[in-house]
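Peer 1: model this:
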Amino acid sequence: MPYFDAASSLPPHPIAREAYLAALDDGWADPGRLHREGRRARLLLDAARETAAEEVGCRPDELVFTPSGTRALHTGVAGALAGRARVGRRLLVSAVEHSAVLHAAQAHADAGGVVREIGVDRGGRVAPDVVAEALDEGPEAALVCVQSANHEVGTRQPVAEVADVCRARGVPLLVDAAQSLGWEKPAGDWSLLAASAHKWGGPGGVGLLVVRKGARFAPRAPVDERESGRAPGFENIPAIVAAAASLRAVRAAAVAEGARLAALVDRIRGEVPRLVPDVAVVGDPVHRLPHIVTFSCLYADGEALLHALDRAGFSVSSGSSCTSSTLTPSHVLVAMGVLSEGNVRVSLPPGTAEEEVARFLAVLPDAVAGVRAALAPPDTVPDGDGDGNGDGDGDGDGPGSRTLDALGKLCPLPVIDLAREIGRVPVGGTVTVLADDPAARLDIPAWCAMRGHTFVDERPNPDGPGTAYRVRRDG
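Peer 2: Now for the predicted structure:
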């Protein structure tokens, strides 16, 4: 069964398995002790640190191992903010950061700090001049957080340029490199960096945090003597050794494998819109990781689509609001202002065969069609022109405006109802959709852009709960 969810986690790399098992024999003792067993454990820990530091591009004494990538981010954000508390309490984060960074930002806000969110374009990319404007608007910033590449849509960020902006203003930059570190050494003169081993085929439960010399950093209490006080607790040396060994192994093959996977992703990006109607491929088409492609399908339930693909033999992920884990749209898709319904993220692991991609493309159209048909009978599924009768021209024989009550309905039902209703008003007429699903704020404007209608505005529902969205029929 092809596993196409590499952006979430990878199975252990063969080198990780070998290194872990080998380190079990000598890496079980306390590396802080002076006896023979402790010295052996310390040698393994130091060697792993040197290996990881070489792949990151930092000094070994700047890198510590943490119990997870999430813990590395939380520690990095909190420690950097504490170290610059006298300078200021303003934290700048991009709107598409991993939830771990956003949770750390919320904790900072809850403690009385100020958080400024930096917007992105429709490709999910941060503009360095926007970062500069946010820094210059004052008061003094303590820290900026910008990921190296996005975990949901694969968009690479201009980290080197952002680092230059921050350096010119004397503000440290923390980079979440979890998605990109297995592919490349992080660029730029950043100050802090975090990553997670399970993203590149290392064991779960190992993260790394880099704090470059010169960056003010104050570990948050309680601390102990391990890992410079930045990651208290007994080190899992076999897992750390496996993480470092697998990072070196995947980086050795990254250039060739990245080029191969990029070609497969290009094929998916090109063929999905041709094979499946009413699909939007999202994410920056140029500045992106080689193995991730994300697309959203109108009139499709995201959770149902994941199950349909799972039954067809493919493990994929989603940022859609229509999943069992959340009833709100992905914050990444919201920040980008793109369609969220029926969202599918395909992230190819190293070694993915061309035949597996071809089979995915073969089963995808039927999977989407089946999900759409389950939400609405085939003869009432919107056919693209909005009238739902399949004739492609829209009858336009209704009154000049109509109100559609979609309160209580979850995505994609409000958009499906809108697509049917729009054909019942003449060109120039409006449909007001009453909806309380948070995804409607994203998906109704996105539907208008895809179908060639005008999204007029949104306002609170004057007669009750929810929001009123006005759409004008333009054709």
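Peer 1: how is the nearest residue to A374 once chain neighbours are set aside assigned, secondary-structure-wise?
Peer 2: On the basis of CB to CB, 6 or more residues apart in numbering, the spatially nearest residue to A374 that is not a chain neighbour turns out to be A304, at 6.6 Å. No exception for glycine: its C-beta is placed from N, CA and C like everyone else's. Assigned state for A304: helix (three-state reduction, DSSP: H, G, I helix; E, B strand; the rest coil).
Peer 1: what of V250?
Peer 2: Reducing the assignment at V250 to three states with three-state DSSP gives helix.
Peer 1: list the buried ones in the helix or strand L364 falls within?
Peer 2: With secondary structure defined by DSSP states H and E, L364 is part of helix 354-375. Counting neighbours by 16 or more other CB atoms under 10 Å, one finds that the buried residues in helix 354-375 are 356-357, 360-361, 364, 367-369, 371-372.
Peer 1: can those residues go into CSV with extra columns for distance to N236?
Peer 2: As requested, the buried residues of helix 354-375 are exported to CSV (distance: CB to CB, whole Å):
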residue, distance to N236
E356, 33
V357, 36
F360, 36
L361, 41
L364, 40
A367, 40
V368, 43
A369, 47
V371, 42
R372, 47
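Peer 1: farthest-apart pair in those, please.
Peer 2: Within the buried residues of helix 354-375, two members stand farthest from each other by CB to CB: E356 and R372, at 24.6 Å.
Peer 1: all strands of the chain, in order?
Peer 2: With DSSP state E, the ranges of strands along the chain come out as 63-66, 90-94, 114-118, 141-145, 173-176, 192-196, 207-211, 279-282, 292-297, 343-347, 401-405, 430-435, 454-460, 467-472.
Peer 1: who does the fourth one pair up with?
Peer 2: It refers to strand 141-145. strand 90-94 (parallel), strand 173-176 (parallel) (DSSP bridges).
Peer 1: confidence score at G337?
Peer 2: At G337 the predicted local distance difference test score is 89.
Peer 1: start at 54 instead
Peer 2: Yes, from this point I'll number from 54; that puts the last item at G390.
Peer 1: mind listing what the nearest residue to it once chain neighbours are set aside touches?
Peer 2: Of all residues not flanking G390 in the chain, R175 sits nearest, at 5.9 Å (CB to CB, 6+ apart). By CB atoms under 8 Å, 6 or more residues apart in numbering, R175 lies in contact with 389-391.
Peer 1: name the nearest residue to P256, sequence neighbours excluded.
Peer 2: Of all residues beyond its chain neighbours, the one nearest P256 is A292 (4.5 Å), with distances taken as CB to CB, 6+ apart.
Peer 1: contacting residues around the one you found?
Peer 2: The neighbourhood of A292, defined by CB under 8 Å, 6+ apart, consists of 73, 250, 255-256, 258-259.
Peer 1: swap in A195?
Peer 2: Contact analysis of A195 by CB under 8 Å, 6+ apart lists 133-134, 137-138, 140-144, 224.
Peer 1: can you pull out the low-pLDDT segments for the stretch 254-403 of the chain?
Peer 2: Along the stretch 254-403 of the chain, the parts satisfying pLDDT under 70 run over 373-380.
Peer 1: distance check, G482 against R523.
Peer 2: As for G482, its distance to R523 is 11 Å (criterion: CB to CB, to the nearest Å).
Peer 1: mutual contacts of those two, please.
Peer 2: Shared contacts of G482 and R523 (CB under 8 Å, 6+ apart): none.
Peer 1: and stretch 502-519, how far out from the chain middle?
Peer 2: 27 Å (CA atoms, centre = their mean, to the nearest Å).
Peer 1: buried ones in that stretch?
Peer 2: By neighbour count on 16+ other CB under 10 Å, the buried set for stretch 502-519 is 504, 506, 511, 514, 519.
Peer 1: now do stretch 455-473
Peer 2: Across stretch 455-473, burial judged by 16+ other CB under 10 Å covers 457-460, 462-473.
Peer 1: so of those, which ones are in helices?
Peer 2: Among the buried residues of stretch 455-473, the residues falling in helices (DSSP state H) are 466-473.
Peer 1: circling back: CA atoms only: put the helix holding L417 into CSV for me.
Peer 2: Listed next in CSV are the C-alpha coordinates belonging to helix 407-428 (Å, rounded to 0.1, in the frame of the first residue of the first chain):
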residue,chain,number,x,y,z
GLU,A,407,6.6,6.1,-11.1
GLU,A,408,4.1,3.2,-11.2
GLU,A,409,2.7,4.1,-7.8
VAL,A,410,2.1,7.7,-8.9
ALA,A,411,0.5,6.5,-12.1
ARG,A,412,-1.9,4.2,-10.2
PHE,A,413,-2.8,7.1,-7.8
LEU,A,414,-3.7,9.3,-10.8
ALA,A,415,-5.8,6.4,-12.1
VAL,A,416,-7.9,5.9,-9.0
LEU,A,417,-8.2,9.6,-8.0
PRO,A,418,-11.0,10.6,-10.4
ASP,A,419,-13.3,7.8,-9.3
ALA,A,420,-12.6,8.5,-5.7
VAL,A,421,-13.5,12.1,-6.0
ALA,A,422,-16.6,11.3,-8.1
GLY,A,423,-17.8,8.8,-5.5
VAL,A,424,-17.4,11.3,-2.7
ARG,A,425,-19.2,14.0,-4.6
ALA,A,426,-22.0,11.6,-5.6
ALA,A,427,-22.5,10.5,-1.9
LEU,A,428,-23.0,14.1,-0.9
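Peer 1: contacting residues around it?
Peer 2: Helix 407-428 is contacted by residues 55, 57, 317, 320-321, 324-325, 328-329, 332, 350, 352-354, 357-358, 361-362, 365-367, 395, 399, 401, 434, 465-466, 469 when judged by CB under 8 Å, 6+ apart.
Peer 1: how about 7 Å then?
Peer 2: Residues from elsewhere that reach helix 407-428 (CB atoms under 7 Å, 6 or more residues apart in numbering): 55, 317, 320-321, 324-325, 328-329, 350, 352-354, 357-358, 361-362, 365, 367, 434, 465, 469.
Peer 1: and for A296, the neighbour number?
Peer 2: Neighbour count for A296, taken as other CB atoms under 10 Å: 31.
Peer 1: hmm, I typed the wrong one, I wanted R269.
Peer 2: 18.
Peer 1: mind listing the helices in this protein by residue range?
Peer 2: When assigned using DSSP H, the helices of the chain occupy the ranges 67-79, 89-109, 122-136, 152-163, 181-189, 212-221, 290-305, 307-328, 355-364, 384-389, 407-428, 466-474, 493-504.
Peer 1: wait, which of these is closest to D337?
Peer 2: Checked against CB to CB, the stretch from the helices of the chain lying closest is helix 384-389, at 9.7 Å.
Peer 1: how far away from the center of its chain is the closest one?
Peer 2: Mean C-alpha position of helix 384-389 versus that of the full chain (CA atoms, centre = their mean) differs by 9 Å.
Peer 1: and if you look at stretch 467-476?
Peer 2: With CA atoms, centre = their mean as the basis, stretch 467-476 stands 30 Å off its chain's centre.
Peer 1: mean confidence score for it?
Peer 2: Throughout stretch 467-476, pLDDT has a mean value of 91.
Peer 1: kindly export that stretch (C-alpha atoms) in CSV.
Peer 2: Included here for stretch 467-476 are C-alpha records, laid out as CSV according to Å, rounded to 0.1, in the frame of the first residue of the first chain:
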residue,chain,number,x,y,z
PRO,A,467,-22.9,25.4,1.7
VAL,A,468,-20.9,25.6,-1.5
ILE,A,469,-22.8,22.8,-3.1
ASP,A,470,-26.1,24.6,-2.3
LEU,A,471,-24.7,27.9,-3.6
ALA,A,472,-23.6,26.2,-6.9
ARG,A,473,-27.2,25.0,-7.4
GLU,A,474,-28.8,28.2,-6.3
ILE,A,475,-26.7,30.6,-8.5
GLY,A,476,-28.4,29.3,-11.7
